[in-house]
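Student: Sequence unavailable; structure follows:
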Ligand SMILES: Cc1ncc(COP(=O)(O)O)c(C=O)c1O
């Protein structure tokens with residue numbers, strides 16, 4: 001037994017927490033039109049509650065014993081070399097791109113033909129997506145170059161990406177839309193051919209594969225989100241996947257105030273020369289803990305979040321299987337319904353779907369806004385494909401986008417697309433209620 005019976009006390013507390021969670025999580029019967037059918041949500045079990053409390057009882061609070069365990073397990077799952085835990089998917093995107101501006105990556109020019117990113121560089125992306133996939137490009141003084149997407153997959157049209165590469169293009173930063181992997185063959189070929197960095201926003205795609213490999217393992221950096229809507233949750237949270245220890249250090253530096261020091265929280269002198277550095281114009285021996293090599297942020301997460309992440313990750317296979325099964329269920333029910341453009345997986349991919357996107361054919365009389373209101377009245381959750389067309393959002397009015405070709409499909413997404421849920425908390429009767437309601441609405445619109 002631990003000191004003064006503390007370990008036994010901890011076990012007793014955790015047993016009580018598990019019992020509490022079991023009662024709290026009991027579900028009631030589904031009543032169509034009365035029980036909400038959320039578009040997404042967290043799926044917690046008693047072990048998740050116990051993990052949160054276990055980490056709390058350490059009293060450590062910031063990055064502690066659960067952090068490296070979660071980071072390693074996550075990297076192993078995705079097939080990346082390593083991962084860095086941060087406080088959101090948006091923070092992950094910010095760190096993932098910012099890290100590639102580090103002058104400490106200057107050696108990459110000789111080794112891989114790509115220099116650190118700089119203000120004025122162009123980054124290829126899409127406008128039909130989530131704002132914080134594109135924001136880091138703007139926040140780092142670079143220019144977003146946007147191409148149109150394909151209806152049904154909602155990913156960039158590969159040919160447009162080819163046309164978009166110009167003399168200032170230095171990177172590609174895009175999301176696997178709603179879990180559907182973008183054309184990684186074309187993207188990797190372009191990166192290889194033109195010396196571009198790849199920042200893979202896999203925030204909505206944990207568990208998706210392309211050519212048998214998990215998304216998040218392809219990019220120079222890649223990201224994932226653990227916001228409750230996502231495949232696993234830590235409340236708020238995200239991670240950056242990296243391929244090299246050198247890139248990992250820069251990601252950590254941007255996360256941790258921009259510091260040069262890379263000691264883990266609670267450790268000193270990992271480099272064995274804490275008081276022997278001379279960097280910048282600082283005096284020799286200036287404490288390495290307070291030397292800053294980047295203009296950074298503080299985007300760290302707590303150990304309670306890491307503990308929850310680790311517990312959630314244990315259940316990832318079941319979560320992914322449920323998402324795929326729910327997707328198939330909706331697809332089966334909606335196939336052949338006139339006026340609906342249904343989603344489909346990109347070639348070579350096996351998506352771990354985030355949602356079920358539907359576009360109402362522009363020729364069909366059904367109105368997307370009226371349909372989502374109709375669903376809302378029936379307590380069925382739906383979402384738009386995030387920003388629709390980012391170039392038309394008020395915040396982006398003065399952003400100097402370079403638009404390659406037209407954004408016809410992006411505008412259709414803005415006007416005619418929505419998505420409904422596939423998360424593991426949905427049951428077959430709920431999915432049938434979603435499908436029946438959509439069918440009823442579009443058939444009535446046709447009369
Ligand atoms: C594609 C994509 N990237 C980034 C994010 C941001 O993640 P977070 O909400 O954790 O900041 C989201 C949010 O859902 C997203 O859908």
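Tutor: Cool, the structure landed. Predicted, not measured: the structure shown is a model, and the values here were computed from it.
Student: Okay, strands next: where are they in the protein?
Tutor: 82-86, 122-126, 143-147, 169-175, 197-201, 209-210, 213-214, 221-225, 238-242, 340-341, 349-350, 356-360, 402-403, 417-420 (DSSP state E).
Student: So for residue 302, which of the ones you listed sits nearest?
Tutor: strand 82-86 (9.8 Å; CB to CB). (C-beta placed from N, C-alpha, C; glycine too.)
Student: Which residue, neighbours along the chain excluded, lies closest to residue 197?
Tutor: Distance criterion CB to CB, 6 or more residues apart in numbering; nearest residue to residue 197, sequence neighbours excluded, is residue 171 at 4.1 Å.
Student: Buried residues of stretch 55-66, list them for me.
Tutor: 55, 60, 63-64, 66 (16 or more other CB atoms under 10 Å).
Student: Contacts made by the least confident helix or strand in the chain by mean pLDDT with the rest, please.
Tutor: Across the helices and strands of the chain, mean pLDDT, DSSP states H and E gives its lowest value to helix 107-112, namely a mean of 91. For helix 107-112, the external contacting residues (CB atoms under 8 Å, 6 or more residues apart in numbering) are 114-116, 195.
Student: give me that answer again for 10 Å
Tutor: With contacts defined as CB atoms under 10 Å, 6 or more residues apart in numbering, helix 107-112 is touched by 100, 102, 105, 114-116, 191-192, 195, 197, 220, 244, 246-247.
Student: Mind listing what's buried along it?
Tutor: Neighbour-count burial for helix 107-112 flags residue 108 (criterion: 16+ other CB under 10 Å).
Student: Stretch 407-416 now?
Tutor: The neighbour-count check on stretch 407-416 (16+ other CB under 10 Å) flags 407, 409-416 as buried.
Student: How about stretch 202-215?
Tutor: Buried residues in stretch 202-215 (16+ other CB under 10 Å): 202-210, 214-215.
Student: now stretch 108-127
Tutor: The neighbour-count check on stretch 108-127 (16+ other CB under 10 Å) flags 108, 114-117, 121-127 as buried.
Student: measure that stretch end to end?
Tutor: Counting by CA to CA, to the nearest Å, you get 29 Å between the two ends of stretch 108-127.
Student: what does stretch 419-432 give?
Tutor: 15 Å.
Student: neighbours of the residue of the stretch 301-447 of the chain found nearest the ligand, just the number please.
Tutor: Closest approach between the stretch 301-447 of the chain and the ligand, counting by CB to the nearest ligand atom: residue 386, at 6.2 Å. Around residue 386 there are 18 other residues, counting by other CB atoms under 10 Å.
Student: so what's it closest to, chain neighbours aside?
Tutor: Residue 386 sits nearest to residue 130 (CB to CB, 6+ apart), 4.4 Å away.
Student: thinking that neighbour is in contact with residue 93, fair?
Tutor: Yes - assessed by CB atoms under 10 Å, residue 130 is found in contact with residue 93 at 8.9 Å.
Student: could you check the distance from the closest residue to residue 263 other than its chain neighbours over to residue 276?
Tutor: With CB to CB, 6+ apart as the criterion, residue 263 has its nearest non-adjacent residue at 4.4 Å, and that residue is residue 270. Using CB to CB, to the nearest Å, residue 270 is found at 13 Å from residue 276.
Student: Give me the common contacts of those two.
Tutor: With CB under 10 Å, 6+ apart as the test, residue 270 and residue 276 both reach residue 288.
Student: doesn't residue 117 make contact with residue 195?
Tutor: No - if you go by CB under 10 Å, residue 195 and residue 117 don't touch, sitting 11.7 Å apart.
Student: what do these two both touch?
Tutor: 170-171.
Student: And stretch 417-427, what's buried?
Tutor: Neighbour-count burial for stretch 417-427 flags 417-426 (criterion: 16+ other CB under 10 Å).
Student: From the chain's centroid, how far away is that stretch?
Tutor: Relative to its parent chain, stretch 417-427 has a centroid offset of 17 Å by CA atoms, centre = their mean, to the nearest Å.
Student: ok, back up a step: mind giving me JSON lines with the buried residues of stretch 202-215 and columns for pLDDT and distance to the ligand?
Tutor: Formatted as JSON lines, the buried residues of stretch 202-215 follow (pLDDT from 0 to 100; distance: CB to the nearest ligand atom, whole Å):
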{"residue": "202", "pLDDT": "98", "distance to the ligand": "8"}
{"residue": "203", "pLDDT": "98", "distance to the ligand": "3"}
{"residue": "204", "pLDDT": "98", "distance to the ligand": "5"}
{"residue": "205", "pLDDT": "98", "distance to the ligand": "8"}
{"residue": "206", "pLDDT": "98", "distance to the ligand": "11"}
{"residue": "207", "pLDDT": "98", "distance to the ligand": "15"}
{"residue": "208", "pLDDT": "98", "distance to the ligand": "12"}
{"residue": "209", "pLDDT": "98", "distance to the ligand": "17"}
{"residue": "210", "pLDDT": "98", "distance to the ligand": "16"}
{"residue": "214", "pLDDT": "98", "distance to the ligand": "16"}
{"residue": "215", "pLDDT": "98", "distance to the ligand": "11"}
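Student: between those residues, which is nearest residue 438?
Tutor: Among the buried residues of stretch 202-215, and counting by CB to CB, the member closest to residue 438 is residue 204, at 21.6 Å.
Student: and the residue most central in space within the chain, what does it touch?
Tutor: With distances taken as CA atoms, centre = their mean, residue 203 lies nearest the centre of the chain, 1.1 Å away. By CB under 10 Å, 6+ apart, the contact set of residue 203 is 88-90, 92-93, 130, 132-133, 175-176, 179, 216, 222-227, 230-231, 238-239, 354.
Student: From those, keep the buried residues only.
Tutor: Buried among the contacts of residue 203 (16+ other CB under 10 Å): 88-90, 92-93, 130, 132-133, 175-176, 179, 216, 222-227, 230-231, 238-239, 354.
Student: Kindly report the residues of the stretch 201-350 of the chain close to the ligand.
Tutor: Counting by CB under 6 Å from any ligand atom, the stretch 201-350 of the chain comes close to the ligand at 201, 203-204, 225, 227, 238.
Student: quick one: contacts for the residue in the chain that the ligand sits nearest to?
Tutor: Minimum separation of the chain from the ligand (CB to the nearest ligand atom) falls at residue 89, amounting to 2.5 Å. Contacts for residue 89 (CB under 10 Å, 6+ apart) come out as 130, 132-133, 175, 201-204, 223-227, 230, 236-240.
Student: so who does the residue nearest to residue 263 touch?
Tutor: Counted by CB under 10 Å, 6+ apart, residue 270 has contacts 261-264, 288.
Student: From residue 48, how far out is it?
Tutor: On the measure of CB to CB, residue 270 and residue 48 end up 32 Å apart.
Student: Check residue 57 too.
Tutor: Where residue 48 is concerned, residue 57 sits at a distance of 15 Å (CB to CB).
Student: And the helices in the stretch 101-250 of the chain?
Tutor: Along the stretch 101-250 of the chain, counting by DSSP state H, counting those that start in this stretch, helices occupy 107-112, 131-139, 158-164, 184-194, 245-255.
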